[in-house]
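Engineer: Below are the sequence and a predicted model; questions follow.
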Amino acid sequence: MGVTIHYRGRLNDVGQLARLCDELTDIAAALGWESTRLDDDWGQPCDARLQATPAGATIGGNLGLKGIMIVPGGKVEPLSFCFDREGNLWCPVTMVLVLEGTLKPEEAWVSVKTQFGSPQIHAWIIGLLKYLKKRYISDLEVSDEGEYWETGDIRKVQEKMDLIDRKIGELSRELSSCRLGDVSGLSAEEIASKIEEWFLENGH
């Protein structure tokens, strides 16, 4: 739940990847954002898998991706600009899902949730995507739940974020109140059913 930007596309020219990464590094630094390069071997088989560790899940093996990950401020998810050897844009986790066969390549998008950031960061990300569409990825598709891609109206982003914040707050209050009743002794499926019933009763 939350305002998210989805995007996908293919580099016009894979030979421009190094230049694109250099530019994105400079842009990230200028905005005070962190960035990390990814430089897998395109010549090796792609065998990446999610691996459980005491610190959480990590990706092991070769993703077959080169590019850059950018971390904006304000609790916004990382932006992925990583590409396979054909120039297709990927998110590392999405690539793992495709390699595991749980996601079809044609259904894959790169996504970044901005809900817990700010409308200004959302606008910067959309501006960055518009720049990349103009310079490097002419077939870039963007689905912007904040509608800034289509309208350029930052007020719409703020309205969407505020609405979802209110809904999250309402849900949190309801789930923590006695209205859903005592859940001790219930299975996860039974708790899920109670939550679903609450949504239906409250017109969500």
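Structural biologist: Yep, that arrived. Since the structure is predicted, the reported quantities are computational estimates derived from the model, not experimental observations. Numbering: from 1, shown residues only.
Engineer: which stretches of the protein form helices?
Structural biologist: Listed in chain order, the helices of the chain (DSSP state H) span 17-31, 92-100, 119-135, 148-151, 154-176, 188-201.
Engineer: list the buried ones in the third one?
Structural biologist: Translated: helix 119-135. 119, 121-126, 128-129, 132-133 (16 or more other Cβ atoms under 10 Å). Heads up, the C-betas are built off the backbone N, CA and C, glycines and all.
Engineer: and the direction of it versus that of helix 17-31, what angle?
Structural biologist: 160 degrees (axes from the mean of the first three to the mean of the last three Cα atoms, to 10 degrees).
Engineer: how much distance is there from helix 119-135 to the middle of the chain?
Structural biologist: Here the centre of helix 119-135 is set off from its chain's centre by 14 Å, with Cα atoms, centre = their mean, to the nearest Å.
Engineer: pLDDT of it, averaged?
Structural biologist: Average pLDDT, helix 119-135: 95.
Engineer: got a list of contacts for that helix?
Structural biologist: Identification of contacts with helix 119-135 by Cβ atoms under 8 Å, 6 or more residues apart in numbering yields 3, 5, 7, 9, 20, 24, 27, 31, 72-74, 76, 79, 81, 112, 114, 140, 142, 144, 146, 148-149, 154, 157-158, 161.
Engineer: switch the cut-off to 6 Å
Structural biologist: Helix 119-135 has contacts (Cβ atoms under 6 Å, 6 or more residues apart in numbering) with 7, 72, 74, 76, 114, 140, 142, 146, 148-149, 154, 157-158.
Engineer: can you check the shortest one too?
Structural biologist: Applying Cβ under 6 Å, 6+ apart, the set of residues contacting helix 148-151 from outside is 123, 126, 142, 157.
Engineer: Pull out the buried positions in it.
Structural biologist: Within helix 148-151, the residues scored as buried using 16+ other Cβ under 10 Å are 148-149.
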